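Participant: sequence-free structure coming up:
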């Protein structure tokens, strides 16, 4: 079975190469983790330009995906559509030895390496998705959250606690 996210560099023409990838959520393989039940709800679409120049391939474009997760304010499940920019430079060869842990330089954040004749685009697409997931996702900017007393979702209306507090303070 051919992995659709692998690109043979020798198959690219010099200059610009437009490629569209459609990857299933299973291909992208983003697993929910404790405290974040994020799932991809449909195929991920990456529309990319691969600019081949000698031993370098510059990849730019967009990644479109839809996630489903719980709101960090009201805990309701919601879907979010996203289109994010992607840019990475692939260089033929091996990454330079770093001698252990070090702070990444700006150029290291957008540079990757390939060996033989193959680019693996999947990790770049996966990283683009993961880096653009909010730490505290909200179903909408005006989300009212839940009542700290009874736990009712205040987006659905005032709870008994709120009505009682309003009557006794008025």
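Facilitator: Thanks, I have the structure now. Given the structure is predicted, the values throughout are model-derived calculations rather than measurements.
Participant: OK, contacts around the most centrally placed residue in the chain?
Facilitator: Nearest to the mean C-alpha position of the chain, by C-alpha atoms, centre = their mean, lies residue 129 at 1.0 Å. With contact taken as C-beta atoms under 8 Å, 6 or more residues apart in numbering, residue 129 is in contact with 28, 30, 40, 44, 63, 65, 82, 84. Every residue, glycine included, has its C-beta placed from N, CA and C.
Participant: Can you give me the distance of it to residue 149?
Facilitator: Per C-beta to C-beta, to the nearest Å, residue 129 is found 37 Å from residue 149.
Participant: Buried members of the contacts of residue 129 into PyMOL, please.
Facilitator: Buried members of the contacts of residue 129 can be picked out in PyMOL with the line below, counting by 16 or more other C-beta atoms under 10 Å:
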select buried, resi 28+30+40+44+63+65+84
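Participant: now the contacts of residue 129 in CSV, with secondary structure, distance to residue 18 and pLDDT?
Facilitator: What follows is these, written out as CSV (DSSP: H, G, I helix; E, B strand; the rest coil; distance: C-beta to C-beta, whole Å; pLDDT from 0 to 100):
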residue, secondary structure, distance to residue 18, pLDDT
28, helix, 21, 91
30, coil, 26, 84
40, strand, 24, 91
44, strand, 17, 96
63, strand, 15, 97
65, strand, 20, 96
82, strand, 21, 95
84, strand, 18, 96
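Participant: Run through the strands of the protein in chain order.
Facilitator: 6-8, 15-23, 39-40, 44-53, 56-70, 77-92, 111-114, 118-120 (DSSP state E).
Participant: gap between the fourth one and the chain center?
Facilitator: Relative to the mean C-alpha coordinate of its chain, strand 44-53 is positioned 16 Å out (C-alpha atoms, centre = their mean, to the nearest Å).
Participant: so residue 111 touches residue 92, yeah?
Facilitator: No - taking contacts as C-beta atoms under 8 Å, residue 111 lies outside contact range of residue 92: 11.8 Å.
Participant: hmm, back to that, let me know the closest of the contacts of residue 129 to residue 143.
Facilitator: For these, the closest approach to residue 143 (C-beta to C-beta) belongs to residue 82, at 18.0 Å.
Participant: That concludes my questions; thank you for your assistance.
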